[in-house]
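Peer 1: show me how the following folds:
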Amino acid sequence: MKRIVAFLTIVAAAALHAESIPWRYEPETAIPEAAKARLPALLVFTAPWCGYCRQMETTTWVDPRIEEAVKRYIAIKVDFDRNRELANAFQIRGIPAFVVLNRYGETVSVSSGYQDATQFGAWLEQHQSEAFDTISKTSKAAAAFTELEATLQSPEEAVRARGVAALLESYIDKEDPLHPLAGQRLEKLFEESPLQAAGYLKDSRLAVRLLFTNLFAAKFNDAFTFDPWAPVEERTAAADRWLEKLSVQKP
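Peer 2: Now for the predicted structure:
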C-alpha cells in the first residue's frame, strides 16, 4: 500500500511540475499571436496514444533546465490527430515532433522522436540564435539574393560563374533561405542561354541534372532526349550532342 501511495505521489508531483511550462493548446491562435508579439514559438506535436509523448511528460518536460529554456518561447502543444493540416504543413510524419518558429513565424527547425532533456536542450540551443534573430529569414534572403544578383550581372565571366555556382548550391539545399528564389532565377538563366545551360546536364548532382532536364524537355518537347540517371559516360555524350546542336543554331 505504501508503494502505491508513493508511486501516486510521484506521478501527481510530476504532473503538477509539468504545468510550470505555460503550454498553449490552440495553435490556430497562438502561432499568429507569437509572430505578432515578435516572440519565437515552440510547437510540440503529440497525441494521447503516443507512448514516447507520455514519457516526455514525466522526463523531458519536468527537467528544470528544459522548463527554463522553453519559457523563453510561446510553447504550444498540438494534437496531432486534430491538426493534421498543420502537421502536413510542417511535413510531420511521426510524433513526438517539434518545430521551432522564429520571432517572425518562420520555420527554423523541425525534429521528431523521443528526446531526453539533454538531447532536447542541445537541439534548442543549436537553433536559439536563429529563433531570436532580430532580422527575419525573408529579409536576409532578399538581401542575399540582391547581392547574388549583382554577381550574376557582373561583366567578368569568372564572377558570374561563381554566382551561378552559389545559385545552384542554394537550389539543392532545401533548407537554404534562397532555395525558393534560386529555382526561379535558374529558370531565367536557362531562358537567357540554353546553350550555357546545357553544360549543367553534366553536373555531378542529380538535383541539378533533373532541373535542367525538365527545363529542356519543356522547351524542346519530344525533340529532347536525355536520361539524367544514365551512367556518367552516356549522359556526358548526350549533353555534348546537345551542346553541339545548340551551338550551330541561329540565335
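Peer 1: make it CA atoms for all contacts and neighbour counts henceforth
Peer 2: Noted.
Peer 1: output the below-cut-off pLDDT ranges for the stretch 1-150 of the chain.
Peer 2: Residues of the stretch 1-150 of the chain that meet the criterion pLDDT under 70 lie in 1-19.
Peer 1: scratch that, the stretch 151-251 of the chain is what I was asking about
Peer 2: Low-confidence regions of the stretch 151-251 of the chain, defined by pLDDT under 70, span residues 249-251.
Peer 1: which stretches in the stretch 1-150 of the chain count as strands?
Peer 2: Ranges of strands in the stretch 1-150 of the chain, per DSSP state E, counting those that start in this stretch, are 41-46, 74-79, 97-101, 107-112.
Peer 1: outline the domain layout of this structure.
Peer 2: According to automatic domain parsing, the chain comprises the domains 2-131, 137-248.
Peer 1: can you give me the end-to-end span of the shortest one?
Peer 2: Between the opening and closing residues of domain 137-248 we find a distance of 44 Å, counting by CA to CA, to the nearest Å.
Peer 1: circling back: with mean neighbour count and distance to Leu148 as new columns, can the strands of the stretch 1-150 of the chain be given to me in JSON lines?
Peer 2: As requested, the strands of the stretch 1-150 of the chain are exported to JSON lines (neighbours: other CA atoms under 10 Å; distance: least, CA to CA, whole Å):
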{"stretch": "strand 41-46", "mean neighbour count": "24", "distance to Leu148": "31"}
{"stretch": "strand 74-79", "mean neighbour count": "21", "distance to Leu148": "35"}
{"stretch": "strand 97-101", "mean neighbour count": "23", "distance to Leu148": "26"}
{"stretch": "strand 107-112", "mean neighbour count": "17", "distance to Leu148": "23"}
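Peer 1: which ones are touching Val164?
Peer 2: Residues in contact with Val164, defined by CA atoms under 8 Å, 6 or more residues apart in numbering, are Leu152.
Peer 1: how about the CA coordinates for the helix or strand harbouring it, as PDB?
Peer 2: Assigning secondary structure by DSSP states H and E places Val164 in helix 157-172. Extracted C-alpha coordinates of helix 157-172, given in PDB (Å, rounded to 0.1, in the frame of the first residue of the first chain):
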ATOM      1  CA  GLU A 157      32.800  35.800 -66.500                       C
ATOM      2  CA  ALA A 158      34.600  34.300 -63.500                       C
ATOM      3  CA  VAL A 159      32.400  36.400 -61.200                       C
ATOM      4  CA  ARG A 160      29.300  35.300 -63.000                       C
ATOM      5  CA  ALA A 161      30.400  31.700 -62.800                       C
ATOM      6  CA  ARG A 162      30.800  32.000 -59.000                       C
ATOM      7  CA  GLY A 163      27.300  33.500 -58.800                       C
ATOM      8  CA  VAL A 164      25.800  30.600 -60.800                       C
ATOM      9  CA  ALA A 165      27.600  28.100 -58.500                       C
ATOM     10  CA  ALA A 166      26.200  29.800 -55.400                       C
ATOM     11  CA  LEU A 167      22.700  29.800 -57.000                       C
ATOM     12  CA  LEU A 168      23.000  26.000 -57.700                       C
ATOM     13  CA  GLU A 169      24.100  25.400 -54.100                       C
ATOM     14  CA  SER A 170      21.100  27.300 -52.800                       C
ATOM     15  CA  TYR A 171      18.800  25.300 -55.100                       C
ATOM     16  CA  ILE A 172      19.900  21.900 -54.000                       C
END
